[in-house]
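Q: Pasted the sequence and its predicted model underneath.
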Amino acid sequence: MTAEYKVLGDIAVITMTNPPVNGLGFSTRIGITDGLSKANADDAVKAIVITGAGKAFSGGADIKEFGTPKALQEPNLLSVILALEASSKPIVAAIHSVCMGGGLELALGCHYRVAAPGTNVALPEVKLGLIPGAGGTQRLPRVIGVETALNMIVSGEPVKSELLASLPGQKLFDKLAASAESVFDEAVAFARSVAGKTGEALPLVRNLPCKHPQGDAYFQFAKNMVGGMSKNYPAPLQCVDAVQAATKMKFDAGMAEERRIFTSLMFTPESLALRHLFMAERAASKIPDVPDDTPKREIKSVGVIGAGTMGGGISMNFLNAGIPVKILEMKQEALDRGIATIKKNYEAQVKKGKLKQDKYEQRMALLSTTLSYDDLKDADLIIEAVFEEIGVKEKVFKELDRVAKKGAILASNTSTLDVDKIASFTERPQDVVGMHFFSPANVMKLLEVVRGKATAKDVLATVMAIGKKIKKTAVVSGVCDGFIGNRMIEQYSRQAGFLLDEGATPQQVDKAIEKFGFAMGPFRMGDLAGNDIGWAIRKRRAVERADMKYSRTADKLCELGRFGQKTGAGWYDYQAGKRDAIPSELVNKMIEDHRKELGITPRKISDEEIVQRLVYALVNEGAHILEDGIASKSGDIDMVYLTGYGFPIYRGGPMHYASQVGLYNVAETMKRFAKNPRDDAEFWQPAPLIQKLVAEGKSFG
């Protein structure tokens, strides 16, 4: 059982012991109710204290039990809270560190609450597409007021205990302890002070009144505000409905309404997607053959080669985490330019009030520069961010092999090149790894960690840990052309090109996929990244994979010098200093002329076809990536697309989305696309993994 019971004189103590956050799993719930029964049956016990061991009171539901029968097995959380309320002896919650979700709902079921300062208090269920489901929407408004409670429930953000304790008229905490260290002793003393109270003398949150002075007018205002900000997510508006029910219904009716809403949200595509994201993010850090206890190398200083956009952005991540960085460039002007950009980025944050001046100064103090490789001899981790060409990488890694100390990790920020080949330029391939940051590197969450065939396990464990430290979502990829993200995006972009050949315009394709929820369509994305990057890849493909079929429209665009925003013209026209994409008559004419050359009569293409061809291209290539062992699980592919490529979060990533649509339906649609003479029939054969899952009636994951 993950709850301990002991008696201190006349006080029984129930301690939740389910690390890391004392999740309220089945075993913990049994432990609490067993402890309650013992305490109430023992005449020597006059009061009860409930608390959590370690670093949390309780973080709520046990994520290991999400979606399993154990999550609902009796006593479920609602039954545990009823048992607390029914106790004939006073119960005091000793709250510290973390009190969230079901943990807060549990505390609200106790008669009294003593909290440590600095405790993070929250009902974060909305972030999983749900509302609190064990009385949070009914009890919290009764103790801190309707408006404050609604703000907490709709945002899901944590609030510090001392701020809540300072609210006028609050009944959430009966006492704020002097410190985290003393909270338990103060809770025991408080329990002794109320010992002997029984029956109706014991206060219950459910009996407190719950009203808002403006009533329906306030809730209408709240719905207008929340509705405007949460258009693709049903849960925030339902939070408003549940709290409104607390003000209009008797307590038990309000609880029934909360349960009805909670249950209906459990099966919405948005909640399924958000819960998938929650689990996939945690699972991404787990590498099947690299145990959690693998020793890690110490990273006290970092070298970055290249002070361009990428090198500067990469450096900022480490400076933000308090790790010293030394940037190497070949020329002083390039260094000066790079440092000026870093300063400009930080100064913009200071101006917006997102960064304090002293923090900015601390970060800049950690930054140094050099023109000599020899000055990188003490760095623990060196990341190159130089031009994407194998010859350039070879020169860099031979130099690094010469100067880097033994045990230093040598990382390449390559987005497509062979990490095994790069490792072969050194005498220490076990220390070489890919660290593919996404632009802008100081903003984008994704870090693709590319594992070479010789990459040591401790190198992998270290890089995953450092990824967490610099607040990135790190996903492991094997070595192949383009790794996970760019290998898939190439198929997506190819489809976008074929759609132009067949009758669509760049604006129509972009609008359709943006309506589906992507941050940006393929043509606006090309203009932002630089169309010359794709051009270089296609030229390389022409040599390496002559059988690979592409639309010629993108090459023709580049032959006109239209590389995107940086040249003021790409698939769209741009005005100086603005990023607005203006449809280009010249480009539309170029596409029409190209169709005439090929003898194609344009046809009307639906938005549904556009979305399916783009998204299912990602899915099919993703399935091949899983078959090839480049990604170890479908959730990793989803994380790459959600955090690096603007895939809509409320759809859960391409692989999750395909499972929701039904893999049978996806495969049948692919077979239909294979019959299109203008498309690539071979590509649209459903991947063997998809065929296998369809035959077994299964999904990804």
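A: Yep, that arrived.
Q: Residues touching stretch 567-584, excluding its own?
A: By Cβ atoms under 8 Å, 6 or more residues apart in numbering, the surrounding residues in contact with stretch 567-584 are 505-507, 510, 523-524, 526-527, 531, 557, 561-565, 586-587. (Each C-beta comes from the backbone N, C-alpha and C, glycine too.)
Q: Weed out the non-buried ones from those.
A: Neighbour counting by 16 or more other Cβ atoms under 10 Å classes 505-507, 510, 523-524, 526-527, 531, 557, 562-565, 587 among the contacts of stretch 567-584 as buried.
Q: So, low pLDDT: which residues of this structure?
A: Within the chain, no stretch has pLDDT under 70.
Q: any idea how it splits into domains?
A: With automatic domain parsing as the criterion, the domains of the chain are listed as 3-266, 302-477, 485-696.
Q: Adding distance to Pro291 as columns, could you present those domains in a markdown table?
A: Supplementary listing: these in a markdown table, determined by distance: least, Cβ to Cβ, whole Å:
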| stretch | distance to Pro291 |
| --- | --- |
| domain 3-266 | 17 |
| domain 302-477 | 8 |
| domain 485-696 | 14 |
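Q: Nearest to Ala280, out of the ones you listed?
A: Of all these, domain 485-696 sits nearest to Ala280, with 3.3 Å by Cβ to Cβ.
Q: And Ser97, how far from Glu162?
A: 14 Å (Cβ to Cβ, to the nearest Å).
Q: Need the residues touching each of those two.
A: Applying Cβ under 8 Å, 6+ apart, one finds that Ser97 and Glu162 are jointly contacted by Gly118.
Q: Between these two, point out the one with more neighbours.
A: Neighbour tally, Ser97 and Glu162, criterion other Cβ atoms under 10 Å: the higher count belongs to Ser97, 20 against 14.
Q: so the more buried one sits right up against Val121, yeah?
A: No - Ser97 sits out of contact with Val121 when judged by Cβ atoms under 8 Å, with a separation of 10.4 Å.
Q: Check which helix or strand the spatially most central residue of the chain maps to.
A: Nearest to the mean C-alpha position of the chain, by Cα atoms, centre = their mean, lies Glu281 at 5.9 Å. Element membership for Glu281, per DSSP states H and E: helix 269-284.
Q: Can you show me the CA trace of the helix or strand following that helix as PDB?
A: Downstream of helix 269-284, the next assigned helix or strand under DSSP H and E is strand 302-305. Output in PDB follows, covering the C-alpha atoms of strand 302-305 (Å, rounded to 0.1, in the frame of the first residue of the first chain):
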ATOM      1  CA  VAL A 302      29.500  24.600 -23.700                       C
ATOM      2  CA  GLY A 303      31.200  25.600 -26.900                       C
ATOM      3  CA  VAL A 304      29.200  26.600 -30.000                       C
ATOM      4  CA  ILE A 305      30.700  26.800 -33.400                       C
END
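Q: Determine how far strand 302-305 lies from the middle of the whole chain.
A: 27 Å (Cα atoms, centre = their mean, to the nearest Å).
Q: Give the partner strands of it in its sheet and their orientations.
A: Listed by DSSP bridges, the sheet partners of strand 302-305 and their directions read strand 325-328 (parallel), strand 381-384 (parallel).
Q: looking at those strands, which is buried most?
A: strand 381-384 (a mean of 26; mean count of other Cβ atoms under 10 Å).
Q: For Val21, which residues are in contact?
A: Lys55, Ala56, Ser58, Gly59, Gly60, Val98, Met100, Gly103.
Q: Now with 10 Å, please.
A: Contact analysis of Val21 by Cβ atoms under 10 Å, 6 or more residues apart in numbering lists 52, 54-60, 62-63, 97-98, 100-101, 103.
Q: what secondary structure does it sit in?
A: coil (DSSP: H, G, I helix; E, B strand; the rest coil).
Q: how about the nearest residue to it, chain neighbours excluded?
A: Take Val21 and drop its neighbours on the chain: the residue closest to it by Cβ to Cβ, 6 or more residues apart in numbering is Gly59, 3.1 Å away.
Q: The residue nearest to the centre of the chain touches Val640, doesn't it?
A: No - assessed by Cβ atoms under 10 Å, Glu281 is found out of contact with Val640, at 11.6 Å.
Q: can you list residues touching both of those two?
A: Counting by Cβ under 10 Å, 6+ apart, the common neighbours of Glu281 and Val640 are Thr473, Val475.
Q: tell me what the helix holding Glu281 is packed against?
A: Under the contact definition 3 or more Cβ pairs under 10 Å, 6 or more residues apart in numbering; DSSP states H and E, helix 269-284 sits against helix 235-248, helix 251-266, strand 473-477, helix 634-644, helix 654-661.
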